[in-house]
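**Q** Generate coordinates for the sequence data below:
(one chain, ligands or ions: 2)
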Amino acid sequence: MAGFKTLDDIGAVSGKRVLVRVDLNVPVADGKVTDATRIERIAPTIAELSKKGAKIILLAHFGRPKDGPSAEFSLEPIAKATAEVLGRPVGFAADCVGDKAADAVAAMKDGDVLLFENTRFYKAEEKNEPAFTEKLAANGDIYVNDAFSAAHRAHASTEGLARHLPAYAGRTMQAELDALEKGLGNPVRPVVAIVGGAKVSSKIDLLMNLVKKVDALVIGGGMANTFLAARGTDVGKSLCEHDLAGTAKQIMIEAAEAGCAIILPADGVVAREFKAGAPSETVAISEVPADGMILDVGAKTVQSVNDWIDRAATLVWNGPLGAFEIEPFDRATVAAAKHAAARTKAGKLVSVAGGGDTVAALNHAGVADDFTYVSTAGGAFLEWMEGKPLPGVEVLKR
Ligand SMILES: Nc1ncnc2c1ncn2[C@@H]1O[C@H](COP(=O)(O)OP(=O)(O)OP(=O)(O)O)[C@@H](O)[C@H]1O
Ligand SMILES: O=C(O)[C@H](O)COP(=O)(O)O
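**A** Residues are numbered from 1 along each chain as shown. Ligands and ions are numbered 1, 2, ... in the order given. Have a look, this model is predicted:
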């Protein structure tokens, strides 16, 4: 890989403490990991370093905790899931810095794997404070970043550490960048993007540039509601960031100027409650009841999404079209995923999808293996698509 060092350059690591930044921000329901793709993807780096006798200390975040440590955002259950997926013991330290972390590292044998508690339990992580980074660095001799999906964050564990320790890209980081370059470096047009999901505020700005890179942008999921509301449609109690209406309008203007079609839902599946078995109905998008929530796009919209998939030579997808974890709100995502998979298998489409929940949705639809490439990254993938430098990648090139 041009530009930075990889595990090929790391040399002898036997007995050395290697801090490996991974992305274990996996989908969880009722305390169980519902999609293990992100865990599976870190296996090659861990196996390689362990075989060479390194002490592997995994650094990761989980969710977006706001108020310090909490059981809700603890990585402890994920350590167990990681051990099961990797088929080897994975220790757990209840802190990522300080005595608890240091004591757990001191007890490690060569080849062992240990996971530190959620780095985001410290505000200094997201602020990338050097004093905190130094505390993280105290437990390592070498830093490996294998979290491409968190590389758009300039945090202490994703960016800062590479300034404190000899730094290398892990195998997944390397593979993701290679695959995205191969699939989307010079995409065959028309390029159609589908963006859905729930991370509206952290992703909406990315669409401003994305509309200049693609020929059509299909907006679904929670993201669509903000655009619909900006256009004057009443979305009832749906997930919607009304204060981002100005941004949504500006994106629609930029898209028109760039010649990028914007496709918004024509109908929606509406429920009064966000839970399995809640009664639901499909309504025209202009008829969402005041107490209703749009939890999926309707059948007419699916038809239009599939028509756009038919027109595309390249498809880029992040974010499910609906709350696919709960039936029947998985229907649109499953139908569009199956359609894109069939076009890909027929050799008519290059399809690249990414994101923690998006991968889970494709697995749920049973078609992840039929896409051209499935990235673990959501936000990072969209930023890469925009052509933005990713801090976690750039720092490895120093
Ligand atoms: N209409 C909707 N209302 C509420 N939630 C929705 C709706 N549509 C989709 N979602 C939710 O969006 C979530 C996924 O969004 P998200 O933006 O996190 O995607 P992702 O693929 O995980 O990307 P990333 O890796 O960047 O997190 C799912 O949990 C799904 O239930
Ligand atoms: O799920 C993701 O996309 C990554 O783990 C990054 O998470 P974040 O959006 O909370 O930074």
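**Q** From now on I want contacts and neighbour counts done on CA atoms only, so please keep to that.
**A** Noted.
**Q** in the stretch 101-250 of the chain, which spans are strands?
**A** 113-116, 142-145, 167-169, 191-195, 216-219 (DSSP state E, counting those that start in this stretch).
**Q** Just list what the third one packs against, helices and strands only.
**A** Read it as strand 167-169. Judged by 3 or more CA pairs under 8 Å, 6 or more residues apart in numbering; DSSP states H and E, the packing partners of strand 167-169 are strand 142-145.
**Q** Let's test this: mean pLDDT of the strand it packs on, rounded?
**A** Across strand 142-145, the average pLDDT comes to 98.
**Q** For it, which strands pair with it and how are they oriented?
**A** Strand 142-145 has the following sheet partners, assigned by DSSP bridges: strand 17-21 (parallel), strand 167-169 (parallel).
**Q** Tell me the gap between the first one and the middle of its chain.
**A** It refers to strand 17-21. The chain centre lies 21 Å from the centre of strand 17-21; the measure is CA atoms, centre = their mean, to the nearest Å.
**Q** Give me every residue in this protein that's in contact range of ligand 1.
**A** 197-199, 221-222, 239, 294-296, 318-325, 355-358, 377-379 (CA under 6 Å from any ligand atom).
**Q** Which ones among the residues you listed lie within helices?
**A** Among the residues of the chain next to ligand 1, the ones falling in helices (DSSP state H) are 221-222, 356-358, 379.
**Q** Throw the strands of the stretch 101-250 of the chain into a markdown table and include mean neighbour count and distance to residue 44, thanks.
**A** Shown next, in a markdown table, are these (neighbours: other CA atoms under 10 Å; distance: least, CA to CA, whole Å):
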| stretch | mean neighbour count | distance to residue 44 |
| --- | --- | --- |
| strand 113-116 | 26 | 13 |
| strand 142-145 | 28 | 13 |
| strand 167-169 | 27 | 12 |
| strand 191-195 | 25 | 30 |
| strand 216-219 | 24 | 35 |
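**Q** Those strands into a markdown table, with extra columns for distance to residue 155?
**A** Listed next are the strands of the stretch 101-250 of the chain as a markdown table, based on distance: least, CA to CA, whole Å:
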| stretch | distance to residue 155 |
| --- | --- |
| strand 113-116 | 16 |
| strand 142-145 | 12 |
| strand 167-169 | 15 |
| strand 191-195 | 25 |
| strand 216-219 | 29 |
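**Q** got JSON lines for these, with distance to ligand 2 too?
**A** Output for those, formatted as JSON lines (distance: least, CA to the nearest ligand atom, whole Å):
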{"stretch": "strand 113-116", "distance to ligand 2": "16"}
{"stretch": "strand 142-145", "distance to ligand 2": "13"}
{"stretch": "strand 167-169", "distance to ligand 2": "17"}
{"stretch": "strand 191-195", "distance to ligand 2": "13"}
{"stretch": "strand 216-219", "distance to ligand 2": "18"}
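**Q** So which of those strands is nearest residue 6?
**A** Between residue 6 and those, the shortest gap by CA to CA is with strand 167-169, which sits at 4.7 Å.
**Q** Mind checking the pLDDT average for that closest one?
**A** pLDDT averaged over strand 167-169 gives 98.
**Q** Tell me which of the strands of the stretch 101-250 of the chain lies nearest to residue 128.
**A** Nearest of those to residue 128, taken as CA to CA: strand 142-145 at 15.4 Å.
**Q** List of residues touching the closest one?
**A** Here strand 142-145 makes contact (CA atoms under 8 Å, 6 or more residues apart in numbering) with 16-22, 158, 161-162, 165-170, 173, 392.
**Q** before we move on, what about stretch 171-191?
**A** Against stretch 171-191 from outside (CA under 8 Å, 6+ apart): 1, 6-7, 41-42, 44-45, 145-148, 214-216, 311-316, 350, 352, 372-373, 375, 385.
**Q** Buried subset of these, written for PyMOL?
**A** Buried residues among these (16 or more other CA atoms under 10 Å), as a PyMOL selection:
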select buried, resi 6+7+41+42+45+145+146+147+148+214+215+216+311+312+313+314+315+316+350+352+372+373+375+385
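**Q** Give me the phi and psi angles of the closest residue to residue 233 other than its chain neighbours.
**A** Take residue 233 and drop its neighbours on the chain: the residue closest to it by CA to CA, 6 or more residues apart in numbering is residue 286, 6.2 Å away. Main-chain dihedrals, residue 286, degrees, to the nearest 10: phi -80, psi 0.
**Q** thought residue 286 was touching residue 232?
**A** No. Contact criterion CA atoms under 8 Å: residue 286 and residue 232 do not qualify, at 9.5 Å.
**Q** which of the two has more neighbours?
**A** residue 286 (14 against 11; other CA atoms under 10 Å).
**Q** Kindly provide the distance from the more buried one to ligand 1.
**A** Residue 286 sits 15 Å away from ligand 1, going by CA to the nearest ligand atom, to the nearest Å.
**Q** Contacts only, for that residue.
**A** Residue 286 makes contact with 233-234, 267 under the criterion CA under 8 Å, 6+ apart.
**Q** Okay, strands next: where are they in the stretch 251-398 of the chain?
**A** So, for the stretch 251-398 of the chain - with DSSP E, counting those that start in this stretch - the strands run 261-263, 267-271, 280-284, 293-297, 314-318, 350-354, 373-375.
**Q** of all the ones you listed, which lies closest to residue 107?
**A** For residue 107, the closest of those is strand 373-375, at 34.9 Å, according to CA to CA.
**Q** ok, back up a step: closest to ligand 2 out of the strands of the stretch 251-398 of the chain?
**A** With respect to ligand 2, and counting by CA to the nearest ligand atom, the nearest of the strands of the stretch 251-398 of the chain is strand 350-354 at 9.0 Å.
**Q** now, which of the ones in helices among the residues of the chain next to ligand 1 sits nearest residue 90?
**A** The closest of those to residue 90 turns out to be residue 356 (CA to CA; 21.8 Å).
**Q** Spell out which residues of the protein are next to ligand 2.
**A** Residues of the chain that fall close to ligand 2, judged by CA under 6 Å from any ligand atom: 23, 25, 63-64, 149-150, 355-356, 377-379.
**Q** Residue 231 contacts residue 249, doesn't it?
**A** Yes. Using CA under 8 Å, residue 231 is in contact with residue 249, at 7.5 Å.
**Q** who's more crowded, the two?
**A** residue 249 (17 against 13).
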